[in-house]
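Undergrad: Structure of the sequence below:
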Amino acid sequence: MQTLVADDDPMMRELIAAALRQRGHAVAVAEDGAAALRRIAADRPSLIVLDWQMPATDGLAVLRQVRDDEASRSAFVLMVTAQDGEDALMRSLDAGADDYLSKPFSADALQSRIVIAERRIATQAEHRAAEEALRSARYLAGIAETVVTVQHEINNPLAALLGHTQLLQLGLIPPAEREGVLAEVAAQAVRIGEVLSRLRAIDSPRSVEYANGVRMLDLSTQRPEAE
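TA: Got it, this is the predicted structure:
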């Protein structure tokens, strides 16, 4: 897991980084808020351990920028600070922190917070994977329903159009009937065009069962688009 530790205290920075590396994290470090933002932009860490009190750009300012950036806002942020009390906790959470650890802290307290972060990140990754799989399944189902719909709606007029056209090409239509056959060919072409127009007009797709559990798009409420 890609992780960033931002703290202006070198000893604290290395202590936290060492605990994370022991758990298999790929750890980058930053000595102040500006450096932290550069590392976040470059590495897109899943976990950010962020000291509140840092020179120039403090932890709260970094946190707000993380949450404002779509590319980094899903990162888990553990705020670490010497500030204590309910007010400091609420300010941290209001700014977007996921968890909070007060200095000084024990090795066990740090480990427990890391475990919480790891579990939350893993759960979020599972949710994203499930959502992506659902989107893909819906997309593929939509393609299948569209194919069935086109086949169902167009097969008959297309067969009639092609059949009459072949008869005309083979000279099997008597001259007196050709005008009527040509009108029928044109009518079938219009039917096909209307089906395609209704497909284009769908803005809230709804499917219905066609046969043997196969589903297709419902075009019964769709009217051809106005030319």
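Undergrad: Walking through the protein, point out its strands one by one.
TA: 2-6, 26-30, 47-51, 76-81, 99-102, 207-211, 214-217 (DSSP state E).
Undergrad: From Ser102, how far out is the residue of the chain most remote from its centre?
TA: Relative to the C-alpha centroid of the chain, counting by Cα atoms, centre = their mean, Ala176 is the outermost residue, at 61.8 Å. Applying Cβ to Cβ, to the nearest Å, the value for Ala176 to Ser102 is 98 Å. No exception for glycine: its C-beta is placed from N, CA and C like everyone else's.
Undergrad: Go through the strands of the chain and pick out the most buried.
TA: Ranked by mean neighbour count, those are led by strand 47-51 with a mean of 27 (mean count of other Cβ atoms under 10 Å).
Undergrad: contacts for that one?
TA: With contact meaning Cβ atoms under 8 Å, 6 or more residues apart in numbering, strand 47-51 is reached by 1-9, 12, 16, 20, 25, 36, 40, 59, 62-63, 66, 75-81, 97, 117-118, 121.
Undergrad: and it, which strands flank it?
TA: Looking at strand 47-51 with DSSP bridges, its partner strands are strand 2-6 (parallel), strand 76-81 (parallel).
Undergrad: Now do that strand, average pLDDT.
TA: Mean pLDDT, computed over strand 47-51, is 96.
Undergrad: Now for Asp43: which residues touch it?
TA: Per Cβ under 8 Å, 6+ apart, neighbours of Asp43: 2, 4, 28.
Undergrad: from the residues you listed, which single one is nearest Ala137?
TA: Gln2 (29.3 Å; Cβ to Cβ).
Undergrad: gap between the nearest residue to that closest one once chain neighbours are set aside and Arg39?
TA: With sequence-adjacent residues excluded and distances taken as Cβ to Cβ, 6 or more residues apart in numbering, Gln2 is closest to Pro45, at 4.5 Å. For Pro45, the distance to Arg39 equals 7 Å [Cβ to Cβ].
Undergrad: tell me, what's touching those two both at once?
TA: Contacts common to Pro45 and Arg39, judged by Cβ under 8 Å, 6+ apart, are 4, 28.
Undergrad: So the two - more neighbours on which side?
TA: Pro45 (24 against 19; other Cβ atoms under 10 Å).
Undergrad: hang on, Glu153 packs against Val195?
TA: Yes. Taking contacts as Cβ atoms under 8 Å, Glu153 lies within contact range of Val195: 4.3 Å.
Undergrad: where does the residue farthest from the centre of the chain land on pLDDT?
TA: 89.
Undergrad: Distance check, it against Gln188.
TA: Distance of Ala176 to Gln188, given as Cβ to Cβ: 21 Å.
Undergrad: just Tyr100 next, same as before
TA: Between Tyr100 and Gln188 the computed distance is 71 Å (Cβ to Cβ).
Undergrad: what's the answer for Ile154, then?
TA: Counting by Cβ to Cβ - Ile154 and Gln188 are separated by 10 Å.
Undergrad: got it, and Ala82?
TA: For Ala82, the distance to Gln188 - Cβ to Cβ - is 81 Å.
Undergrad: coming back round to it: so can I have TSV of the strands of the chain showing distance to Val181?
TA: Listed next are the strands of the chain as TSV, based on distance: least, Cβ to Cβ, whole Å:
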stretch	distance to Val181
strand 2-6	70
strand 26-30	73
strand 47-51	73
strand 76-81	71
strand 99-102	77
strand 207-211	31
strand 214-217	31
